[in-house]
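A.B. asks: here you go, sequence then predicted model.
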2 protein chains.
Amino acid sequence: MDRRSGCPINLSVEVLGDRWSLVVLRDIMFGNFRTYGELHANSLEGIATNILANRLKRLMEEGLVTASADPTHKQRTIYNLTEMAIALVPVMAQLGAWGSRFLPASPQLSARAIALAEGGPPLWDAFTAELRYLHLGAPKPPRSVLAELDAAYRAAGQNP
Amino acid sequence: MDRRSGCPINLSVEVLGDRWSLVVLRDIMFGNFRTYGELHANSLEGIATNILANRLKRLMEEGLVTASADPTHKQRTIYNLTEMAIALVPVMAQLGAWGSRFLPASPQLSARAIALAEGGPPLWDAFTAELRYLHLGAPKPPRSVLAELDAAYRAAGQNP
């Protein structure tokens, strides 16, 4: 792929600078939606089937996602984040914090983003370890950041 | 503007998820290019004039950039970052660090990004103070992070 310049910010936005690509990565990372069907059914933004298929293909070409056969349903594909995609945790944290602060974000949907941002590097490291377990077959870590973020989301729903 | 969901990451990418928008913000923020002419002449990616004009307009509509008359040339417009855009410093730092690590970034262009990422929150705070001085008329801070980043860039050019 031709790149417009070797500036790391330019390269990053050439790879991620499509709103659907980042939203699909968000759903795999934070929702742990791992199949085409789950990603489509749980899309908050109502992603169209052709856009979802196209972006999964593009994310695979860019080295952010790999596909493997589901051991329980051979016809079904499971999508996994690569190390390169898992390394986006701090980007997602900062982007979520910025959106929560400056854009008309839903308080409940912001709860997860704010918890992730406020946890800072120690929480991002624990989340990275959990994502390596879920996507790359690394050992299961003692802490589940996904469970902690879900708890923050549910608590925000009860106290709006 | 209609937003697809209230998720803060979705909202952020709806506002920033256009590669040219983020690259224009980068040039205003790190290059301190403040006029249409400077932004066009110094674009590493060779931004086309119509795209530059369109993205500046969109960044103003989104509340990321304001325009003011140049006191020395009344016909000329100076573009200023808003507080909302200055608050993207941590996002830019994380995105630059990620691109430097995983994409074929130029070592010299990466030097600034790596210096910004490695400086962490204390450096980001100092840079925020400098941007508030340059764009919002805040008092001049003692430290120039722009000068420090430029020094890192020049040093990397001498020792490739």
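C.D. replies: In hand now; what should we look at? Numbering: from 1, shown residues only, chains lettered A, B, ... in the order given.
A.B. asks: what ranges does chain A have for its helices?
C.D. replies: Applying DSSP state H to chain A gives helices spanning A:8-16, A:19-31, A:36-41, A:49-61, A:83-86, A:89-102, A:107-136, A:145-158.
A.B. asks: out of these, deepest packed?
C.D. replies: With neighbours taken as mean count of other C-beta atoms under 10 Å in any protein chain shown, these reach their highest mean count in helix A:8-16, at a mean of 26. From N, CA and C alone the C-beta is placed, and that goes for glycine too.
A.B. asks: what's the domain layout of chain A?
C.D. replies: Domain assignment for chain A by automatic domain parsing gives A:1-82, A:88-160.
A.B. asks: could you give the separation of the longest one from the chain centroid?
C.D. replies: Remark: domain A:1-82 is offset 9 Å from the chain centroid, using C-alpha atoms, centre = their mean, to the nearest Å.
A.B. asks: average pLDDT across that domain?
C.D. replies: The average pLDDT within domain A:1-82 is 93.
A.B. asks: now do the shortest one
C.D. replies: The predicted model gives domain A:88-160 an average pLDDT of 94.
A.B. asks: ok, is that domain in contact with chain B or not?
C.D. replies: Yes - Domain A:88-160 lies within reach of chain B by C-beta under 8 Å from any C-beta of the partner chain, at A:88, A:90-106, A:109-110, A:113.
A.B. asks: centre of the chain versus that domain, how much separation?
C.D. replies: For domain A:88-160, the distance to the chain centre is 10 Å (C-alpha atoms, centre = their mean).
A.B. asks: ok so, going back, can you say which of the domains of chain A is nearest to B:Pro139?
C.D. replies: When those are compared by C-beta to C-beta, domain A:88-160 sits nearest B:Pro139, at 23.5 Å.
A.B. asks: is A:Phe102 in contact with B:Ile86, as I believe?
C.D. replies: No - in this structure, A:Phe102 is not within contact of B:Ile86 by C-beta atoms under 8 Å, at 10.7 Å.
A.B. asks: and of the helices of chain A, who's closest to B:Asp27?
C.D. replies: Comparing these by C-beta to C-beta, helix A:8-16 comes nearest, at 9.7 Å.
A.B. asks: what angle separates the closest one from helix B:107-136?
C.D. replies: 100 degrees (axes from the mean of the first three to the mean of the last three C-alpha atoms, to 10 degrees).
A.B. asks: same for helix A:8-16, what does it pack against?
C.D. replies: Secondary-structure packing of helix A:8-16 (3 or more C-beta pairs under 8 Å, 6 or more residues apart in numbering or on different chains; DSSP states H and E): helix A:19-31, helix B:19-31, helix B:89-102, helix B:107-136.
A.B. asks: okay if I get those as JSON lines plus distance to B:Thr49?
C.D. replies: As requested, those are exported to JSON lines (distance: least, C-beta to C-beta, whole Å):
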{"stretch": "helix A:19-31", "distance to B:Thr49": "25"}
{"stretch": "helix B:19-31", "distance to B:Thr49": "12"}
{"stretch": "helix B:89-102", "distance to B:Thr49": "25"}
{"stretch": "helix B:107-136", "distance to B:Thr49": "23"}
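A.B. asks: for those helices, which one sits closest to A:Ala151?
C.D. replies: Nearest to A:Ala151, of all the helices and strands packed on helix A:8-16, is helix A:19-31, at 13.4 Å by C-beta to C-beta.
A.B. asks: export the closest one to PDB, keeping only CA atoms.
C.D. replies: Once non-C-alpha atoms are left out, helix A:19-31 reads as follows in PDB (Å, rounded to 0.1, in the frame of the first residue of the first chain):
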ATOM      1  CA  ARG A  19     -14.400   5.500  11.400                       C
ATOM      2  CA  TRP A  20     -15.700   2.000  10.800                       C
ATOM      3  CA  SER A  21     -12.300   0.300  11.200                       C
ATOM      4  CA  LEU A  22     -11.800   1.800  14.600                       C
ATOM      5  CA  VAL A  23     -15.400   1.000  15.700                       C
ATOM      6  CA  VAL A  24     -15.000  -2.700  14.600                       C
ATOM      7  CA  LEU A  25     -11.700  -2.900  16.600                       C
ATOM      8  CA  ARG A  26     -13.500  -1.300  19.500                       C
ATOM      9  CA  ASP A  27     -16.200  -4.000  19.400                       C
ATOM     10  CA  ILE A  28     -13.700  -6.900  19.200                       C
ATOM     11  CA  MET A  29     -11.600  -5.400  22.000                       C
ATOM     12  CA  PHE A  30     -14.200  -4.200  24.500                       C
ATOM     13  CA  GLY A  31     -17.200  -6.300  23.500                       C
END
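A.B. asks: I'd like to know which elements that helix is packed against.
C.D. replies: With 3+ C-beta pairs under 8 Å, 6+ apart as the test, helix A:19-31 has helix A:8-16, helix A:36-41, helix A:49-61, strand A:77-81, helix A:83-86, helix A:89-102, helix B:8-16 packed against it.
A.B. asks: so what touches that helix?
C.D. replies: Helix A:19-31 is contacted from outside by A:15-16, A:33-34, A:38-39, A:42-43, A:45, A:47, A:51-52, A:55-56, A:58-59, A:64-65, A:79, A:81, A:85-86, A:88-89, A:92, A:95, A:112, A:131, A:146, A:149, B:7, B:9-10, B:13-14, B:17-18, using C-beta atoms under 8 Å, 6 or more residues apart in numbering or on different chains.
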